[in-house]
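Student: no sequence on this one, just coordinates:
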């Protein structure tokens, strides 16, 4: 994250745009984090809608975004809690949504979530490590790929984080 941020802020971040399937990328990241969820006895569910359009994105940087969002959900969901990851498409493009049954983010802290070094104190944050750079890096990487990042959260009930990348237009392929 720190390396990405440094390159972004210096205007040196190189993106390798290509046609990618967000379902496939998300599945790869999900499989890599299944062990972490099983260690905490969390219910970890992946749903990928069929017939997703491709997006034009940097596959490695997009995997980093997905990993940041899922890893946060794993960290801030209690043992035996549920994390749902879904890849779906709308008129906006292709979405990756990560819903957790975690601690949620207090309203007073939500405006700061995508700022550098932002960490929200909660019962689980004391048991996890982090720099407060993951969501900031994710936002920068999403926006540099013409996407948008979004979240909603309710303290004590969990959060949903997601991002959308525009579907590749037919004449771009």
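Tutor: Nice, thanks for sending it over. Since we're looking at a predicted model, the values are computed, not measured.
Student: How far off centre is the helix or strand residue 88 falls within?
Tutor: When elements are assigned from DSSP states H and E, residue 88 belongs to strand 82-90. Taking Cα atoms, centre = their mean, to the nearest Å, the mean C-alpha location of strand 82-90 is offset from the chain mean by 11 Å.
Student: Point out the other helices and strands that the very next helix or strand once past it packs with.
Tutor: Per DSSP H and E, the first helix or strand lying C-terminal to strand 82-90 is strand 93-100. Strand 93-100 sits against helix 22-39, helix 59-75, strand 82-90, strand 158-165, with contacts defined as 3 or more Cβ pairs under 8 Å, 6 or more residues apart in numbering; DSSP states H and E. The way it works is simple: take the backbone N, C-alpha and C, and place the C-beta from them, glycine included.
Student: between those, which gets nearest to residue 45?
Tutor: With Cβ to Cβ as the criterion, residue 45 lies closest to strand 82-90 of these, at 4.8 Å.
Student: Mind giving me the packing neighbours of the closest one?
Tutor: helix 22-39, strand 43-48, helix 59-75, strand 93-100.
Student: Residue 144 is nearest to which of the ones you listed?
Tutor: Short answer: helix 59-75, nearest of the helices and strands packed on strand 82-90 by Cβ to Cβ, at 8.0 Å.
Student: Quick one: residues in contact with stretch 47-58.
Tutor: For stretch 47-58, contacts defined as Cβ atoms under 8 Å, 6 or more residues apart in numbering pick out 15-23, 26-27, 84-89, 93-94, 141, 145, 147, 165-168, 172-173.
Student: how about 6 Å then?
Tutor: 15-17, 19-23, 86-89, 94, 145, 165, 167-168 (Cβ atoms under 6 Å, 6 or more residues apart in numbering).
Student: quick one: stretch 81-90 to chain centroid distance?
Tutor: Distance of stretch 81-90 from its chain centroid, counting by Cα atoms, centre = their mean, is 11 Å.
Student: which other residues reach that stretch?
Tutor: 22-23, 26, 30, 42-49, 52-53, 73, 77, 95-101.
Student: swap the cut-off to 8 Å and go again
Tutor: Contacts for stretch 81-90 (Cβ under 8 Å, 6+ apart): 22-23, 26, 30, 37, 40, 42-49, 52-53, 70, 73-74, 77, 94-102, 164, 167.
Student: Buried residues, it. List them.
Tutor: Using 16 or more other Cβ atoms under 10 Å as the test for burial, stretch 81-90 gives 81, 82, 83, 84, 85, 86, 87, 88, 89.
Student: what's the closest of those residues to residue 60?
Tutor: residue 87 (17.6 Å).
Student: Quick check: the gap between the residue nearest the centre of the chain and residue 138.
Tutor: In the chain, the centroid-proximal residue (Cα atoms, centre = their mean) is residue 69; its distance is 2.9 Å. According to Cβ to Cβ, to the nearest Å, residue 69 stands 7 Å off from residue 138.
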